[in-house]
Every structure is written in structure tokens, then in C-alpha cells.
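Asks: coordinates only, no sequence provided:
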């Protein structure tokens, strides 16, 4: 079975550029999560969707970050403009809603120079 | 306050030795409990989970974990560690309403 699919796996971009990270959740899962992982702050929940609707975006660091889920099989996390402090690994995860088990993608390694 | 605590930031064990990684949580009710493993450059992979019933749960790669309600703990164990087990291990708690809380992780080094 296909797991959570994220793209790109790695991205290096210059400060000020727009970055778009993509995620395809596991088919049939109705919840989707975006996490950010850094050495300093560990794993942070940025936002999660349930049935394509954003439920909790309190973890989104600032207005430069936005996330969308136009349908059940696709989500994006956008950073505009990007800054060096946004360098991190961004994970997408999905959950079927049954007994709350979430499954992670392989992550998108973002470096902003 | 709700929290998941992994008191050991880093553990080093010899290959073939036994392993126990600690996890404590503080919530009012018994939550769903998970252990994930993250190998370098990889995502988090589910090792095992506890929802109810038998308090000793078996997972993949020879890992097991025991839920102890009286201690609010869910420690991960493996009787004999392999070099390939070197990774970061995360304990997590799931509550109703898609709330998940992760510990800060324990980094495992395996010495040949």
C-alpha cells in the first residue's frame, strides 16, 4: 500500500523565494497533519485538517505560512517569503480516524540560504 | 498540563544488550499510546501502539512496550539490540479529536 507521499524530498532555495511543499495522504484517511522538525524545537504540529477542513492552525508560525487541502488526496504547505529560520524538515502525516493512528511521510528537507 | 516525557535524551548500548526506553505521560484518562522510530534522513515509522486490553504490546523489529497505568508509563523494550536499531525514538500520545502529543525523543547509539 502506498504511504503518505511528500514532494519535494529536498529543496534548497534562496531567502525571499516562495516554497511549496506537497502531500498526498493515504487513500481513505480523513485527517491530515503538517509537522515541522528542527533540532532546537523538536517535532511541532503546524496545522491539521479533518475532511479537508482546517481544524487547528495554531501552530502555524506566522502569516508567511499557509496550508490548503483542496481535496481529500492533496495538500500543500506554502512559505512566502521564505527565511533561513524556516530551514527544517517538514512532515506530512495522515490518520484514518480509527483509533487515532497517524502515519508519516518521508519528509521534505528544506534549506533556505 | 498535558505532556509526554522521555527523560533520556541519549542512550548508548552495546550490540546484543537489552534496551529499555522510558516514556511517561500526564493525562486524565488513558490515552492511546505509540512508539515511533526515525532513522537518519527518514520519516517516523510506527513501531507499536496500545489502545486497550493486554498491557504488553508487541511491535515490529522485535520491540515491545508495556503500559503501566499506575506509573503512567509506556516503556519500550528490546531484549537484544542490533546495530540497525540506532535511531531516534519518539513516544506519542493520542487523544480524542485528533490530538497527538510527541515526546522530545531519545537518540539511541549502538556500539559494536
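Replies: Yep, that arrived. Owing to the predicted nature of the structure, the values given are computational and were not obtained by experimental measurement.
Asks: quick one: residues contacting the residue most central in space within chain A.
Replies: Among the residues of chain A, the one closest to the centroid is residue A:34, at 3.3 Å (Cα atoms, centre = their mean). Residues in contact with residue A:34 (Cβ atoms under 8 Å, 6 or more residues apart in numbering or on different chains) are A:23, A:45-48, A:67, A:75, A:77, A:90-92. All C-beta atoms are positioned from the backbone trio N, CA, C, and that covers glycine.
Asks: using CSV, lay out those residues together with distance to chain B and secondary structure.
Replies: Shown next, in CSV, are the contacts of residue A:34 (distance: Cβ to the nearest Cβ, whole Å; DSSP: H, G, I helix; E, B strand; the rest coil):
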residue, distance to chain B, secondary structure
A:23, 12, strand
A:45, 7, strand
A:46, 13, strand
A:47, 12, strand
A:48, 6, strand
A:67, 15, strand
A:75, 15, strand
A:77, 15, strand
A:90, 11, strand
A:91, 6, strand
A:92, 9, strand
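Asks: most neighbours out of those residues, which is it?
Replies: residue A:92 (29 neighbours; other Cβ atoms under 10 Å in any protein chain shown).
Asks: can you get me a residue count around the nearest residue to residue A:90 once chain neighbours are set aside?
Replies: Leaving aside its sequence neighbours, residue A:90 sits nearest to residue A:108 (Cβ to Cβ, 6 or more residues apart in numbering or on different chains; 4.7 Å). Per other Cβ under 10 Å, the neighbour tally for residue A:108 reads 22.
Asks: excluding chain neighbours, what is closest to the residue nearest to the centre of chain A?
Replies: residue A:46 (4.4 Å).
Asks: host element of whichever residue of chain B sits closest to chain A?
Replies: Nearest residue of chain B to chain A: residue B:94, at 3.7 Å (Cβ to the nearest Cβ). Applying DSSP states H and E as the criterion places residue B:94 in strand B:87-95.
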